[in-house]
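**Student:** quick one, structure for this:
(2 chains)
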Amino acid sequence: MKKTIITLAASLSIASVAVAQDWDKIEIKTTKVADDLYMLEGEGGNLGVSIGEDGVFLIDDQYAPLTEKIVAAIRKLSNDKIHFVFNTHYHGDHTGGNENLGKMGIDIVAHDDVYKRLKESDTAKEGLPIITFNDMLTFHLNGMDIKTRHYRSAHTDGDSIVYFEGKNVIHMADIMFNEAYPYVDVDGGGSWKGVLIAVKDTLNQIDDQTKIIPGHGPLTDKAGLKIYYDVLMDIDSILRPLAEKGLPLDQVKKMAPLKKYDADYGNGFMNPDTFLSIVYMDIYNHINR
Amino acid sequence: MRIIIYLLVLVFPATIWAQGRFDDVEITATKISDGLYMLQGSGGNMGISIGEDGVFLIDDQYAPLTDKILAAIKKLSDKEIHFVFNTHYHDDHTGGNENLGKMNIDIAAHDKVYERLHSQNVPKEALPIISFNDEMTFHMNGLTIRTRFYPNAHTESDSVIYFEGRNVIHTGDLFEQSGYPYIDIEAGGSFIGMINAVDNVLKSIDDQTIIIPGHGSLSNKAELENYNMVLKKIYDELTPLADKGLSIEDVIKLPLLNEYKDSWGKGDIRGETFLKFAYNSILKERK
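**Tutor:** Numbers count the residues shown, from 1 in each chain, chains lettered A, B, ... in the order given. Next comes the predicted model:
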C-alpha cells in the first residue's frame, strides 16, 4: 500500500504522505474459508493460505515488517514448510515480504510482468520470483489444482486470479477491492477497461457457492462480485459519454458524476477525487488517443 | 529409444529387460558452457544448469538410473537439485520422477505432461507439482531459463527449453539427432506439427546456438535445419500418396526413404516404422 501511495502521489502530484506504520500494533487475523483454506488479514492485501500434506501455499505476503507475524499466524494452522508464495501482482503491499521469505528458501512464483517490475525496482534477488509464467500456471498441491490465470492490463499488467479448484474458492488479486472504489495502476500497466473485462470473465467462471477472497476488503461471494461489477459498469456508463464529448477532467469533477457512490465506496484506498481522476482520464485517453 | 523398449515389452515379459538392463549404463557429462552440461545415459538426453540457486535438471531418464544420475550431478555440484523439468511425458524422460519427487524435488512440466502421467496412475511423487499452459520461466543461477510449449509435435506435451543469454537450447524429442524421430500419434503427436514446431524453434536460434537434442549428440542450427528439410521432403513425398487414397499397407511396399538408409536408417527407429508414424499422421489429419 505504501508503495502504491507513493506512486500515486508522484503520478497525480497530490500531497499524499505515506504515514509511517506502527507495525507492532498490527495483528494478523485468520478467517477459515473452506477446509484447509484460510484468508489472512493484517495490513496490505488479503492473503490466502492452503495447508496440507504438500506444505503451505501462500498467496501474497504484505509488508516486510509483518513477515514474522504472518509466519506465526501460519504456524498456528500448520507446521509444514511454506512450499510456495504466489504474488498476485507486484505492489509492495502484496510482495513486501518476498525478500524475507525468499531468504528462508521459499520459492516465489508470479506472472512474468511481476518479475520484470520487481527487478526494475531493484528488489533484492531473494525478493524476486524464481518461477514466472505468461498465461496460466497450475499447482498440484494438497490434493487439489490451484490454477492461476493472468489478466493483462487490469489493476496492473501482471495480475493473476487464483482458483482453488475443488474448494470453490478464488483469490481475486486487486482486481477486486470489495466494497470500495478500485485502484487502477495505469503507470503499472493497468487499465479501467481491463478491470471490467477481468471481473466479467471471473463472473463467468464461478457459481453461487464460490467464495471470494478480494485483494482488499471483506471475504465475499459471487453476489458480492456481481454488485461490484454492476457498480463499475454503471460508473463506466456515466463517465464514458463525458469522455466521448471530450470534457476536460476539471469540468467533470465539478459535475460530481459519481456522487451517489462516493459515500459507500469512497472510504477505501481510493478517495472519490483520486478515483474519479484516474478512471476518467484512463477512459478519456483510450477514446482520445 | 522409448519405442524400442515399448516394442520389447510387447514381445517379452517385462522382467527380462528390467533386470540388468541398466547395470552397464554409465552417465556421461558433456560441458556446454559455464555451469551448463548435457548428461547422457540410457533414454533422453538430460540438460543441467548448476549454480548458486541449485541444480536445474531437464528430464530424468529411467528410474533404475536415478542413483547414477545423482552421482554424476554430484560430481559437478554440491548444491541441491532445485527443479526437474520434463520436456514431455515419455518414460525415458520422466522415469526418474518418482525417485526425485520422493527427495522433495519439485517437478515442473506442461499441463499435458501432468494429465498424461496422472492418467497413467503414477504415484503422486512422480507428478509435476507445477504445470503451465504456454510458457514458464525459471530465474535462477543468473540465467533466464524459458520453457515454451509446442502443441501436437512429438507428443501433445512437448516443451523446448531456452537458456537465454547462453544461447543453448534443449529441444526435447522434437529433435532426434541420430535418426528418424518418433512421432507418438496416440499421444497427440503430429508429423506436420513436428515440422511446424521445428520451424518455430529455428526462428528463435542462430548459427552459434548449441542444441541438446532429445536423443543423439550435441548439435547446432545447421543440423536442425537439415533435419527439418528431410522431414519436409518426406512429408511432401507422402502427401500426394495420401491424396491418391493409398493405404498404409500400399505405402510401405513402395521404395521410399531409400536415400536415408545409410544415415537415419541406422538410428533406433526403422525406416518402415517411421513411415507408419508419418503416413498415419497425414491420413489422420485428413479426416
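**Student:** how close does the closest residue to A:Asp112 other than its chain neighbours sit to B:Ala108?
**Tutor:** Nearest non-adjacent residue to A:Asp112, counting by C-beta to C-beta, 6 or more residues apart in numbering or on different chains: A:Thr132, 4.5 Å away. (C-beta placed from N, C-alpha, C; glycine too.) Going from A:Thr132 to B:Ala108 by C-beta to C-beta, to the nearest Å gives 12 Å.
**Student:** swap in B:Gln177?
**Tutor:** 25 Å.
**Student:** partner residues bridging the residue nearest to A:Asp112?
**Tutor:** A:Ala110, B:Thr137 (DSSP bridges).
**Student:** my guess is it contacts A:Val109. True?
**Tutor:** Yes: if you go by C-beta atoms under 8 Å, A:Thr132 and A:Val109 touch, sitting 7.3 Å apart.
**Student:** where does chain A have low pLDDT?
**Tutor:** A:1-21 (pLDDT under 70).
**Student:** list, one by one, the residues from it near chain B.
**Tutor:** By C-beta under 8 Å from any C-beta of the partner chain, the residues of chain A that approach chain B are A:54, A:84, A:107, A:109, A:112, A:115, A:128-141.
**Student:** inside strands: which ones of the residues you listed?
**Tutor:** Applying DSSP state E to these, the entries found in strands are A:Phe84, A:Asp107, A:Val109, A:Ile131, A:Thr132, A:Phe133, A:Met136, A:Leu137, A:Thr138, A:Phe139, A:His140, A:Leu141.
**Student:** B:Ser42: which element?
**Tutor:** For B:Ser42, there is no host helix or strand (DSSP states H and E).
**Student:** quick one: contacts for it?
**Tutor:** By C-beta atoms under 8 Å, 6 or more residues apart in numbering or on different chains, the residues touching B:Ser42 are B:Met1, B:Arg21, B:Phe22, B:Val25, B:Gln61, B:Tyr62, B:Leu65, B:Asp92.
**Student:** dump these to TSV, plus distance to B:Leu218 and pLDDT.
**Tutor:** Shown next, in TSV, are the contacts of B:Ser42 (distance: C-beta to C-beta, whole Å; pLDDT from 0 to 100):
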residue	distance to B:Leu218	pLDDT
B:Met1	17	48
B:Arg21	25	85
B:Phe22	23	93
B:Val25	19	96
B:Gln61	17	97
B:Tyr62	21	97
B:Leu65	20	98
B:Asp92	18	97
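**Student:** pick the one among these closest to A:Asn204.
**Tutor:** B:Asp92 (41.3 Å; C-beta to C-beta).
**Student:** can you give me the strands in the stretch 1-150 of chain B?
**Tutor:** Taking DSSP state E, counting those that start in this stretch to define them, one finds strands in the stretch 1-150 of chain B at B:28-33, B:36-40, B:46-49, B:55-58, B:81-85, B:106-110, B:130-132, B:135-140, B:143-150.
**Student:** got the residues of the stretch 101-250 of chain B near chain A?
**Tutor:** Residues of the stretch 101-250 of chain B lying near chain A (C-beta under 8 Å from any C-beta): B:106, B:108, B:111, B:114, B:127-140.
**Student:** I'd guessed A:His286 sits against A:Leu196; true?
**Tutor:** No: look at A:His286 against A:Leu196 with C-beta under 8 Å: they stay out of range, at 11.8 Å.
**Student:** more neighbours: which of these two?
**Tutor:** A:Leu196 (17 against 13; other C-beta atoms under 10 Å in any protein chain shown).
**Student:** and the helix or strand hosting the more buried one, what other elements does it pack with?
**Tutor:** Under the criterion of DSSP H and E, A:Leu196 resides in helix A:192-205. For helix A:192-205, the packing partners by 3 or more C-beta pairs under 8 Å, 6 or more residues apart in numbering or on different chains; DSSP states H and E come out as strand A:144-151, strand A:159-164, helix A:222-244, helix A:272-287.
**Student:** ok, A:Thr132 and A:Val109, which is more surrounded?
**Tutor:** A:Thr132 (26 against 22).
**Student:** wait, what's in contact with that one?
**Tutor:** A:Thr132 touches A:Val109, A:Ala110, A:His111, A:Asp112, A:Val114, A:Tyr115, B:Met136, B:Thr137, B:His139, counting by C-beta under 8 Å, 6+ apart.
**Student:** which other residues reach the longest helix belonging to chain B?
**Tutor:** For chain B, the helix that runs over the most residues, judged by DSSP state H, is helix B:221-243. The contact list for helix B:221-243 (C-beta under 8 Å, 6+ apart) reads B:171, B:175-177, B:181, B:191-192, B:194-195, B:198-199, B:201-202, B:205-207, B:209, B:211, B:250-251, B:254, B:256-257, B:260, B:264, B:275, B:278-279, B:282-283, B:286.
**Student:** which of the helices and strands packed on helix A:192-205 sits most buried?
**Tutor:** Compared across these, strand A:159-164 shows the largest average neighbour count, a mean of 26 (mean count of other C-beta atoms under 10 Å in any protein chain shown).
**Student:** so what strands line up beside that one?
**Tutor:** strand A:144-151 (antiparallel), strand A:169-171 (antiparallel).
**Student:** among these, which comes closest to A:Gly45?
**Tutor:** That would be, of these and by C-beta to C-beta, strand A:169-171, which comes in at 9.4 Å.
**Student:** I'd say A:Met39 and A:Ser50 touch.
**Tutor:** No: contact criterion C-beta under 8 Å: A:Met39 and A:Ser50 do not qualify, at 11.1 Å.
**Student:** the more surrounded of those two?
**Tutor:** Higher neighbour count among A:Met39 and A:Ser50: A:Ser50, with 29 against 22, using other C-beta under 10 Å.
**Student:** contacting residues around that one?
**Tutor:** A:Asp36, A:Leu37, A:Val56, A:Phe57, A:Leu141, A:Asn142, A:Met144, A:Ile146, A:Phe164.
**Student:** so which of those comes closest to B:Gly47?
**Tutor:** Closest to B:Gly47, out of all of the contacts of A:Ser50 and judged by C-beta to C-beta, is A:Leu141, at 25.8 Å.
**Student:** other residues contacting whichever strand or helix holds A:Ala263?
**Tutor:** Using DSSP H and E, A:Ala263 sits within helix A:259-265. The contact list for helix A:259-265 (C-beta under 8 Å, 6+ apart) reads A:Glu179, A:Ala180, A:Tyr181, A:Val231, A:Ile235, A:Ala256, A:Pro272, A:Phe275.
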